[in-house]
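Visitor: here are the coordinates; sequence isn't available:
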DNA sequence: CCCATACGAGACGTGTAGTATCGTAACGCC
DNA sequence: GGCGTTACGATACTACACGTCTCGTATGGG
């Protein structure tokens, strides 16, 4: 679909797409996203910042949204962390993630994308795997804990992951936005009280 | 600021603002929001549907966003429910709320507003009290449970509320969107496992 | 060397936000 | 009842962004 690699595998004739332009566009998108948020991001601004023509952008992405999704997907998500202890794993993963969010202002982008999905099927299709793959390390950590017997066997891991990330999502979306890293500890502790075996 | 009542208290001279137009605008806003979501809502569309001129809208609200916030704020939030049992209270409140969300497609509006806040100070100020007041019945129920001794005393109720709503927020924002009402039970049960005294 | 494709630049059409200007309608006050 | 003031619906207008299209040019493979 969109977000194809520069080496269009179909035809080999003609001038190949510039990998450099491709990366410059993604970089510029992220920069502008961080500077002004979703609503201030314009395709013309991205083109100008990246030093490319608009056509070069639209040749790669069908519209503004998939471009943003791909740029967003390039950011670090939860970084897996295996300390042998679930509480530490979670606290460290969530803490790291929060740092990224707080420093990049991406807390503003994610809700926008999430909201737009509901009325934009194309975006929904693109966003789903990105959104889901980012939860993976979290689920993995919970799974390891379950195998260690640290976590009750009959607990639905998907639901457990939601319980752990939930408070952060709420704080991010509905409260001030900025979330102090020291809040991660109590949150994880509280969530884990009910999950332990 | 915006969202002033039709009876502008400052001056009494001249034709008074039409209460009927005011309400028609809010109604039309909600209708269009439900039909096409945030991205499909245009001020011209609202004016047309409400049978008013655009100036009549901008005389009351500074821009599109505050209008949406006020229309959104008119919707029912959590409806307090006191059964004498925390689990039942929560399940019923969340269940009711989910019904509203699923039938009105407002799940698409909320994330959009939440995301926009970060780069729009005016919206942030308007959205904050709306967002917070809606949590109130939830906190109240938790407080009652704490007084009954059903809930551990040392638990931070704000955090507990986040834990309860969290999984729903995650499902709403990051997963398919639609959330089946029968999922509320397991969610509340899991969250409560750690909250009980 | 030739053809196919991508390139940067920017004109263009469409649509929407928000402002300004019509002539008209409703109210308080004298 | 008339007058001034303000709101009304309608609509023209400016500014701006998305997405399309067309330039003339650059860069590759065969």
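Guide: It's in. Keep in mind it's a predicted model, so treat the numbers as computed, not measured. Residues are numbered from 1 along each chain as shown, chains lettered A, B, ... in the order given.
Visitor: now stretch A:66-74: how far from the chain's centre is it?
Guide: 9 Å (C-alpha atoms, centre = their mean, to the nearest Å).
Visitor: neighbours around the residue of chain A found nearest DNA strand C, how many?
Guide: Closest contact between chain A and DNA strand C, by C-beta to the nearest atom of the strand, is at residue A:14 (2.0 Å). Quick note: C-beta positions are derived from backbone N, CA and C, even for glycine. Residues lying near residue A:14 (other C-beta atoms under 10 Å in any protein chain shown) number 7.
Visitor: cool, and residue A:147?
Guide: The burial count for residue A:147: 10, using other C-beta under 10 Å.
Visitor: the one 3 residues further on now?
Guide: Around residue A:150 there are 17 other residues, counting by other C-beta under 10 Å.
Visitor: that one and residue A:192 touch, don't they?
Guide: No. Residue A:150 is not in contact with residue A:192 according to C-beta atoms under 8 Å; the separation is 9.4 Å.
Visitor: identify the contacts common to the two.
Guide: With contacts taken as C-beta atoms under 8 Å, 6 or more residues apart in numbering or on different chains, the residues that reach both residue A:150 and residue A:192 are residue A:86.
Visitor: pLDDT value on the residue of chain A closest to DNA strand C, please?
Guide: In this model, residue A:14 is scored at 90, pLDDT.
Visitor: for residue A:197, same thing?
Guide: At residue A:197, pLDDT is 62.
Visitor: cool, and residue A:104?
Guide: 69.
Visitor: then the one 5 residues further on?
Guide: As predicted, residue A:109 sits at a pLDDT of 77.
Visitor: so what does the helix or strand it falls within touch, helix or strand wise?
Guide: Taking DSSP states H and E as the definition, one finds residue A:109 inside helix A:109-116. Here helix A:109-116 touches helix A:64-73, helix A:121-133, helix A:157-174, helix B:109-116, helix B:157-174, going by 3 or more C-beta pairs under 8 Å, 6 or more residues apart in numbering or on different chains; DSSP states H and E.
Visitor: repeat the analysis, applying 10 Å as the threshold.
Guide: Using 3 or more C-beta pairs under 10 Å, 6 or more residues apart in numbering or on different chains; DSSP states H and E as the contact test, the elements touching helix A:109-116 are helix A:19-36, helix A:64-73, helix A:121-133, helix A:157-174, helix B:109-116, helix B:157-174.
Visitor: among the ones you listed, which is nearest DNA strand D?
Guide: That would be helix A:64-73 among these, by C-beta to the nearest atom of the strand, at 3.7 Å.
Visitor: hmm, that closest one touching DNA strand C?
Guide: No. In terms of C-beta under 7 Å from any atom of the strand, no part of helix A:64-73 sits within range of DNA strand C; the closest distance is 12.8 Å.
Visitor: report the buried residues of the helix or strand following that helix.
Guide: Downstream of helix A:64-73, the first helix or strand assigned by DSSP H and E is helix A:86-104. Buried residues in helix A:86-104, counted by 16 or more other C-beta atoms under 10 Å in any protein chain shown: A:86-87, A:89-98, A:101-102.
Visitor: thinking again about what came up before, can you lay out the helices and strands packed on helix A:109-116 as a markdown table showing mean neighbour count?
Guide: Listed next are the helices and strands packed on helix A:109-116 as a markdown table, based on neighbours: other C-beta atoms under 10 Å in any protein chain shown:
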| stretch | mean neighbour count |
| --- | --- |
| helix A:19-36 | 18 |
| helix A:64-73 | 21 |
| helix A:121-133 | 16 |
| helix A:157-174 | 24 |
| helix B:109-116 | 25 |
| helix B:157-174 | 24 |
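Visitor: by mean pLDDT, show me the worst of those.
Guide: helix B:109-116 (a mean of 78).
Visitor: for it, the distance to its chain's centre please.
Guide: Its chain's C-alpha centre and that of helix B:109-116 lie 11 Å apart, by C-alpha atoms, centre = their mean.
Visitor: and stretch A:190-197, by the same measure?
Guide: Its chain's average C-alpha position is 26 Å from that of stretch A:190-197, according to C-alpha atoms, centre = their mean.
Visitor: now do the contacts for residue A:186.
Guide: By C-beta atoms under 10 Å, 6 or more residues apart in numbering or on different chains, residue A:186 lies in contact with A:167, B:155, B:156, B:159.
Visitor: what's the closest of those residues to residue B:21?
Guide: Of all the contacts of residue A:186, residue B:21 sits closest to residue A:167, with 41.9 Å by C-beta to C-beta.
Visitor: could you measure from the closest one over to residue A:26?
Guide: Applying C-beta to C-beta, to the nearest Å, the value for residue A:167 to residue A:26 is 31 Å.
Visitor: and what of residue A:151?
Guide: Residue A:151 is 38 Å from residue A:26, by C-beta to C-beta.
Visitor: do residue A:175 as well
Guide: Taken as C-beta to C-beta, the span from residue A:175 to residue A:26 is 30 Å.
Visitor: again, but for residue A:94
Guide: Between residue A:94 and residue A:26 the distance, using C-beta to C-beta, works out to 26 Å.
Visitor: show me what contacts whichever residue of chain A sits closest to chain B?
Guide: Residue of chain A nearest chain B, by C-beta to the nearest C-beta: residue A:166 (1.6 Å). Applying C-beta under 10 Å, 6+ apart, we find residue A:166 in contact with A:187, A:191, B:162-171, B:187, B:191.
Visitor: quick check: the two most widely separated of these?
Guide: A:187 and B:171 (18.0 Å).
Visitor: quick one: name the residues of chain A near DNA strand D.
Guide: Counting by C-beta under 7 Å from any atom of the strand, chain A sits next to DNA strand D at A:12-16, A:41-45, A:53-55, A:58, A:63-65.
Visitor: quick one: buried ones out of the residues you listed?
Guide: Among the residues of chain A next to DNA strand D, the ones that count as buried by 16+ other C-beta under 10 Å are A:41, A:43, A:45, A:64, A:65.
Visitor: distance of the nearest residue to the last one once chain neighbours are set aside relative to residue A:58?
Guide: What that stands for is residue A:65. Using C-beta to C-beta, 6 or more residues apart in numbering or on different chains and skipping residues adjacent in sequence, the residue nearest residue A:65 is residue A:123, 4.6 Å away. As judged by C-beta to C-beta, residue A:123 and residue A:58 stand 16 Å apart.
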